[in-house]
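S.K.: missing the sequence, but the structure's below:
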């Protein structure tokens, strides 16, 4: 997790909600809208001076709305400070209205150079030691970027200069994190009043760079009045997890911390179940049983001799009694979709029906469920945790992966509505939502691109089922698990970099993170 993300507020908002907060500040609190614009511009300029103190030149691209107005304020402040400043306008000053027009006139009073945008404005120019300020398009965009704005964004992205986005990278959907055909790739985004939820998931992180937040000195009453909108999403990180992981009682014994059962590992996929089982142990489970193909026993015990390995081809093995004795069950890692996996899923579903033991459903167990032919018994999905990646989520909803990624927030709510239970939608900015808290969506800002490798999901499943087995609620367990998993990945990245990062590289850090220091 980047330092900038660590200090972001916990409340995340939709664009419409931020506009309502802005309205409350102006109409109900009597705060001047132009004063807010000047405060926003000053915040951006302060960030520029801190990040690039030696820079002498700023190039500001402005659009027709208030986002452009913020850019004019930045230009005026830079000129006043003695920097070389130029504004490239996609809307002539004579066509501006309201605060944006006032801001343009303010910049003109400082003799800021302004020119109209043309297709060659950015392409045929060299910009040494220059900071680009993106003030083209704000948070209201709902359709694909086109025309001169599209060409301007492409021009910005073609220049090897640092780019600071004002409030949001132009062209990025503030609610979903989806680029609207084209979006600016910023080095830093300075966002105002409320952090937009789309900055932190889907492609939002690719385009926003480091995210810095400024509340524009608004009083708390703007956010806390009866008319104030409640945030749509709650951001969580490793600090959230540590609150749910108190020290163990001194009188503890191994059965005090859960007996979890991992089911998976068909032929050729034995490592998945082994990774999940070891992750459960490293996350604090007292006992871990792995139900897998018999031929994987030697590899599993060589890797982790503490685990109990039950081979499905063993004679006189009562799998049902092992399942009914569990504190929590996870099925799916390496399960496959052959008859072997289908029979094990049926066995687990029957056991869960009779006992209501919490169940974590991952990987191929999700794929089998999506066929709707394997759920032939009555189940209690409210006591289930589903952990799909976008492809698996698409199968559960009968849509495409692109549909899921186009609006991850709507996707996870639809998953909960259609299937009930508690859901984790994996990916950049992983999301969770539960039928027990249907209005709440959580977004985790831990993790990095190096974790996009085989086995990471198996490790996460092991952490989730371990925390459930230790007594955490399904919501707390899944939220803690993704934070611990992501932070372990970040620590492993710091140690050796993103490329080549493997699931097993997280194990040394899992033990550290589930034992937070006593404060």
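M.R.: Received the coordinates, thanks. These figures come from a predicted structure and were not determined experimentally. Residues are numbered from 1 along each chain as shown.
S.K.: least confident secondary structure element in the protein?
M.R.: helix 3-6 (a mean of 60; mean pLDDT, DSSP states H and E).
S.K.: spell out the secondary structure type for residue 295.
M.R.: Under DSSP: H, G, I helix; E, B strand; the rest coil, residue 295 falls in the helix class.
S.K.: shaky segments in the protein?
M.R.: Where the chain drops to pLDDT under 70, the residues are 1-6, 124-126, 372-380, 519.
S.K.: in it, which residue is closest to the centre?
M.R.: Centroid check for the chain by C-alpha atoms, centre = their mean gives residue 429 as the closest residue, at 0.9 Å.
S.K.: how much space between that residue and residue 11?
M.R.: 15 Å (C-beta to C-beta, to the nearest Å). All C-beta spots, glycine's among them, are computed from the backbone N, C-alpha and C.
S.K.: equivalent analysis for residue 235, please.
M.R.: With C-beta to C-beta as the criterion, residue 235 and residue 11 are 7 Å apart.
S.K.: so what sits against both of these two?
M.R.: Common contacts of residue 235 and residue 11 (C-beta atoms under 8 Å, 6 or more residues apart in numbering): residue 195.
S.K.: partners of the strand ranked longest in the chain, with directions?
M.R.: Ordering each strand of the chain by length in residues (DSSP state E) puts strand 437-444 first. Using DSSP bridges, the strands paired with strand 437-444 are strand 233-236 (parallel), strand 431-434 (antiparallel).
S.K.: now the angle from the lengthiest helix in the chain to strand 437-444?
M.R.: With secondary structure taken from DSSP state H, the chain has its longest helix at helix 474-496. Orientation of helix 474-496 against strand 437-444 (axes from the mean of the first three to the mean of the last three C-alpha atoms, to 10 degrees) gives an angle of 10 degrees.
S.K.: C-terminal to helix 474-496, what's the next element?
M.R.: helix 507-513 (DSSP states H and E).
S.K.: for that next one, buried residues please.
M.R.: 507, 509-510, 513 (16 or more other C-beta atoms under 10 Å).
S.K.: and what of stretch 327-347?
M.R.: Buried positions in stretch 327-347, judged by neighbour count with 16+ other C-beta under 10 Å: 327-336, 340-342, 344-345, 347.
S.K.: same check, this time on stretch 63-82
M.R.: For stretch 63-82, by 16+ other C-beta under 10 Å, it's 63-79.
S.K.: how about stretch 386-401?
M.R.: In stretch 386-401, the ones that count as buried by 16+ other C-beta under 10 Å are 386-390, 392-397.
S.K.: after the helix or strand harbouring residue 418 comes which helix or strand?
M.R.: According to DSSP H and E, residue 418 maps onto helix 408-419. As assigned by DSSP H and E, the chain's next helix or strand after helix 408-419 is strand 422-425.
S.K.: can you list contacts of that next one?
M.R.: 384-390, 393, 404, 408, 411-412, 415-416, 430-436, 464, 474-475, 478, 482.
S.K.: from those, list the buried ones, please.
M.R.: Judged by 16+ other C-beta under 10 Å, buried ones among these: 384-390, 393, 404, 408, 411-412, 415-416, 430-435, 464, 474-475, 478, 482.
S.K.: domains of this protein?
M.R.: Following automatic domain parsing, one finds the domains of the chain at 9-231, 239-243+258-513.
S.K.: format the ones you listed as a markdown table; extra columns: distance to residue 252.
M.R.: Output for the domains of the chain, formatted as a markdown table (distance: least, C-beta to C-beta, whole Å):
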| stretch | distance to residue 252 |
| --- | --- |
| domain 9-231 | 32 |
| domain 239-243+258-513 | 8 |
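S.K.: measure stretch 176-195 end to end?
M.R.: Using C-alpha to C-alpha, to the nearest Å, one end of stretch 176-195 lies 13 Å from the other.
S.K.: still on that earlier bit, higher neighbour count, residue 235 and residue 11?
M.R.: More crowded of residue 235 and residue 11, by other C-beta atoms under 10 Å: residue 235, with 20 against 16.
S.K.: verify the contact between that one and residue 445 for me.
M.R.: Yes - counting by C-beta atoms under 8 Å, residue 445 is a contact partner of residue 235 at 5.9 Å.
S.K.: excluding its backbone neighbours, what's nearest residue 364?
M.R.: residue 335 (4.2 Å; C-beta to C-beta, 6 or more residues apart in numbering).
S.K.: swap that for residue 17, please
M.R.: For residue 17, the spatially nearest residue (C-beta to C-beta, 6+ apart) is residue 229, at 4.1 Å.
S.K.: ok, that neighbour - contacts?
M.R.: Contacts of residue 229 by C-beta under 8 Å, 6+ apart are 13, 17, 20-21.
S.K.: try 7 Å
M.R.: 17, 20-21 (C-beta atoms under 7 Å, 6 or more residues apart in numbering).
S.K.: ok, now residue 440?
M.R.: So residue 440 contacts 234, 433 (C-beta under 7 Å, 6+ apart).
S.K.: please redo it, this time with the cut-off set to 8 Å
M.R.: Residue 440 neighbours (C-beta under 8 Å, 6+ apart): 234, 433-434.
S.K.: same thing with residue 446?
M.R.: Contacts of residue 446 by C-beta under 8 Å, 6+ apart are 1, 237-238, 482-483, 485-487, 489-490.
S.K.: I appreciate the help and will end here.
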